[in-house]
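Undergrad: Below: sequence and its predicted model.
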Amino acid sequence: MENRNGNAGKPGNGLTKIQTNGNEICHDDSSGSVKAQTIDELHSLQKKKSAPTTPSTGYQFGASFANLSEEDRQRQQLQSISASLASSARETGPKVVKGDPGKAHKHVHHHPVVPTISVSDSALKFTHVFYNLSPAELYEQAIKHEKGSFITSTGAMATLSGAKTGRAPRDKRVVRDETTEDDLWWGKGSPNIEMDEHTFMVNRERAVDYLNSLDKVFVNDQFLNWDPQNKIKVRIVSARAYHSLFMHNMCIRPTPEELEDFGSPDFTIYNAGQFPCNRYTHYMTSSTSIDLNLARREMVILGTQYAGEMKKGLFSVMHYLMPKRQILSLHSGCNMGKDGDVALFFGLSGTGKTTLSTDHNRYLIGDDEHCWSDNGVSNIEGGCYAKCIDLSREKEPDIWNAIKFGTVLENVVFDEHTREVDYTDKSVTENTRAAYPIEYIPNARIPCVGPHPKNVILLACDAFGVLPPVSKLNLPQTMYHFISGYTALVAGTVDGIKEPTATFSACFGAAFIMMHPTKYAAMLADKMQKYGATGWLVNTGWSGGRYGVGSRIKLQYTRKIIDAIHSGTLLNANYKKTEVFGLEIPTEIEGVPSEILDPVNAWPDKDAHKETLLKLAGLFRDNFDVFTNYQIGKDNKLTQEIVSAGPIF
């Protein structure tokens, strides 16, 4: 679960503060390369030096120990430790399983027989295949053989992703062929950058050759989608134990019986991320390339060790495979009340999606990737992927407590001696992450499925301060705002931003969708109508003026609004319509000041409000121009309905 959604915490009100990342793709965890030029330099950023804790007196070395050189001091310490261990040695000790952990053992339920890698024309000829190792075994492999891997004070495994500490969306390629020519969204605004079959095979050959050159590889056989009728079998072939443990956590873990009958996968990842692609290969623009071939059902990774590429690559695949089955794939959070009422939460970075979807009075189905089928909703993943920058026990206790044995911590900085993580330290990257199984969250619903959603909540942090705190949407409006995927960035981490900046990400996850946004929006509207769900637009941003003039809507008010949506009381409120955007807003909500429900009432300067409202409406219109030329249905009626649901001025 990309928990916290790439957000950093905002002090005071619990909502996440808005960050800017300087790229054109919103809700993007991509980041610049680390300044370190070598693995040793990167490793030096990872560990904070702490004062020596060995006493300078009381040992046989005497007072002069403190004056020894660092090398002599360490040698004498090791001699002392070695002598102590020798004196405590026993003839009997713990039973050690001898041999390669990747090989089959007698206890099949612990280590199933390694399957034949039977992917068509795989050309894989590994010396050793470490198949579905346990977290403990993967810890051992990582700590022994992967520089930068350590056990932290809570038992989590800290590791480094190399030079790339975020996704590289501009290096992602999709094969354009007969399979994808008509189905996928190509051209302006699309995240799909094309490549041809031949180039994919060149990169695939390079990845396979690299993997074959290793003395061992790690293979995970796992599932996507908790809906048993629509689960997808995935196989991940990787060179690092870190990647294997990451995917062990993020995908759905099979039972021993399911592994016995796993058979051939539906999709395979070849992760040769330590090895670069050839920059002179056609379509390549850097030494990094993440390539999808939907006809072959394969993904190849070269030139980046950032594990999030595997997670989001599979999400892109689900955005293609599921709609083909008339199942809607969604970049959303999802929770369920004790009475079985399900709510979906959509929102970009800084909107408070994680804060608002995390509710101890409700069950967590998932917080990042979901499917909506005729069976109801289901989580795609088996784990959570939380951003850790500025994480604290007080603000997010569930995430804090989930960082324990089995969890992967990416690119964090910790104390050299105590191994305590400093979550405020950005020495390696601001995009620090924790990947853990969803069972680590106390109120997680296992299996991660639920009935059809009752409410669809679109979250926007409007730094212009003109959107209402809550609006009830009709179906065309829901589609319009779903396709728009709006939030606003403010002055923050990028120099030069002085005014609020509107940011749009289609379907609240433009970087991952495969088909045209209107297809997902039409499916959403169809399911909402079929199963009686209500759409809501909730502004967690500013009121009484834009950023720098007004104030951010208090979290306690937003929670009251969300509670009223969950309980159904907001459906029975009295409503009036706003100008320009034509939004239905309630005149009264218990626990929320009535004067903020209509934005114009909260603005002292009415002329400034109207000017700012028209400015935002123009930005919405300009953004939507790229979608208006796409026809839905033979008569194009639905397209016209969506466009008419936008602002009128």
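TA: Okay, I see it. Since this is a predicted model, take the numbers as computed values, not measurements. Numbers count the residues shown, from 1 in each chain.
Undergrad: now the helices for the stretch 101-250 of the chain?
TA: Taking DSSP state H, counting those that start in this stretch as the test, the helices found in the stretch 101-250 of the chain are 135-145, 197-212, 241-250.
Undergrad: Return the residues in contact with residue 125.
TA: Each residue near residue 125 by C-beta atoms under 8 Å, 6 or more residues apart in numbering is listed here: residue 212. No exception for glycine: its C-beta is placed from N, CA and C like everyone else's.
Undergrad: which sections of the stretch 1-150 of the chain are below the confidence cut-off?
TA: Filtered on pLDDT under 70, the stretch 1-150 of the chain yields the residue ranges 1-33, 35, 37, 49-71, 73-124, 126-127.
Undergrad: Same check on the chain?
TA: 1-33, 35, 37, 49-71, 73-124, 126-127, 491-498, 630-638.
Undergrad: Count the residues that sit near residue 549.
TA: Using other C-beta atoms under 10 Å, the number of residues around residue 549 comes to 14.
Undergrad: how long is stretch 576-585 end to end?
TA: Chord length of stretch 576-585, first to last residue, is 6 Å (C-alpha to C-alpha, to the nearest Å).
Undergrad: What lies in contact with it?
TA: By C-beta under 8 Å, 6+ apart, the residues outside stretch 576-585 that reach it are 467-468, 470-474, 477, 537, 575, 587, 597-599, 613-614, 617, 645-649.
Undergrad: Can you give me the buried ones in it?
TA: Neighbour-count burial for stretch 576-585, with 16 or more other C-beta atoms under 10 Å as criterion, is recorded at 578, 580, 581, 583, 584, 585.
Undergrad: One more: stretch 242-255?
TA: Of the residues in stretch 242-255, those scored as buried under the neighbour-count criterion (16+ other C-beta under 10 Å) are 242-254.
Undergrad: Could you single out the nearest of those to residue 131?
TA: The shortest distance between residue 131 and any of those, using C-beta to C-beta, involves residue 244 and amounts to 9.7 Å.
Undergrad: how close does the closest one get to residue 39?
TA: With the distance defined as C-beta to C-beta, to the nearest Å, residue 244 ends up 20 Å from residue 39.
Undergrad: try residue 185
TA: Between residue 185 and residue 39 the computed distance is 38 Å (C-beta to C-beta).
Undergrad: Tell me which of these two has more neighbours.
TA: Neighbour comparison, residue 185 and residue 39: the larger count goes to residue 185, with 20 against 13 (by other C-beta under 10 Å).
Undergrad: The more buried one contacts residue 518, correct?
TA: No - proximity of residue 185 to residue 518 does not meet the contact threshold set by C-beta atoms under 8 Å, at 9.3 Å.
Undergrad: just to revisit the earlier point, ok, so of the buried residues of stretch 576-585, who is nearest residue 434?
TA: Distance ranking of these against residue 434, using C-beta to C-beta, places residue 583 first at 37.3 Å.
Undergrad: where does that closest one fall, phi/psi-wise?
TA: Backbone dihedrals for residue 583, given as degrees, to the nearest 10, come out at phi -90, psi 140.
Undergrad: Not counting its neighbours along the chain, what's nearest residue 173?
TA: Counting by C-beta to C-beta, 6 or more residues apart in numbering, the nearest residue to residue 173 once its immediate chain neighbours are dropped is residue 195, at 4.0 Å.
Undergrad: Point me to the helix or strand that includes residue 527.
TA: Residue 527 belongs to helix 517-531 when elements are defined using DSSP states H and E.
Undergrad: So which elements touch that helix?
TA: Secondary structure elements in contact with helix 517-531, counted by 3 or more C-beta pairs under 8 Å, 6 or more residues apart in numbering; DSSP states H and E, are helix 308-324, strand 328-331, strand 453-460, helix 475-484, helix 637-644.
Undergrad: ranking these by burial, who's on top?
TA: Neighbour counts averaged per stretch over the helices and strands packed on helix 517-531 are highest for strand 328-331, at a mean of 27; criterion: mean count of other C-beta atoms under 10 Å.
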